[in-house]
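# Structure for the following, please:
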Amino acid sequence: MTLDNAKVGSYIRIVSIPDEVIRAQAIRLGIGEGSLVCCMEKLPSGPVIIKNGFQEIAVGRQLAKSIEVKVS
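As a prediction, the model looks like this:
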């Protein structure tokens, strides 16, 4: 499953971030492969808002389609 298909309110674990540049940027934000995050909101035709600890991060929809996750 990819991040753009996650249900709002569900806790998900990041399985894979395929692009090395995106992976490095995500690590700077405290999100890496194996991180447990919560899907807070999905804006229509817009970003997916995820929460990691007390930090909320907006992930663009196209990028969210490339990030593999699993429900935890």
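
# use CA for all of it now, contacts and neighbours both
Noted.

# can you give me the strands for the protein?
Remark: strands assigned in the chain by DSSP state E are 11-16, 36-42, 48-52, 55-59, 68-71.

# In TSV: these, plus distance to A24, mean pLDDT and mean neighbour count.
Listed next are the strands of the chain as TSV, based on distance: least, Cα to Cα, whole Å; pLDDT from 0 to 100; neighbours: other Cα atoms under 10 Å:
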stretch	distance to A24	mean pLDDT	mean neighbour count
strand 11-16	12	96	18
strand 36-42	17	97	19
strand 48-52	16	96	20
strand 55-59	14	94	15
strand 68-71	16	96	18
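
# Need those in a markdown table (columns: distance to A26).
Formatted as a markdown table, those follow (distance: least, Cα to Cα, whole Å):
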| stretch | distance to A26 |
| --- | --- |
| strand 11-16 | 11 |
| strand 36-42 | 12 |
| strand 48-52 | 11 |
| strand 55-59 | 10 |
| strand 68-71 | 13 |
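
# Figure out which of the ones you listed is closest to D4.
strand 48-52 (6.7 Å; Cα to Cα).

# from the middle of its chain, how far away would that closest one be?
6 Å (Cα atoms, centre = their mean, to the nearest Å).

# what helices or strands is it leaning on?
strand 36-42, strand 55-59 (3 or more Cα pairs under 8 Å, 6 or more residues apart in numbering; DSSP states H and E).

# Paired strands for it, with orientation please.
Paired with strand 48-52 in the same sheet, following DSSP bridges, are strand 36-42 (antiparallel), strand 55-59 (antiparallel).

# And for G30, the neighbour number?
12 (other Cα atoms under 10 Å).

# OK, contacts around it?
Contacts of G30 were listed using Cα atoms under 8 Å, 6 or more residues apart in numbering, and they are N52.

# could you check the distance from it over to P44?
26 Å (Cα to Cα, to the nearest Å).

# my guess is P47 contacts V59, does it?
Yes: in this structure, P47 is within contact of V59 by Cα atoms under 8 Å, at 5.2 Å.

# related to what we said a few turns ago, nearest to I22, of the strands paired with strand 48-52?
Here strand 55-59 is closest among these (Cα to Cα), at 10.8 Å.

# Check the offset of that closest one from the chain's centre.
Distance, centroid of strand 55-59 to centroid of chain: 8 Å (Cα atoms, centre = their mean).
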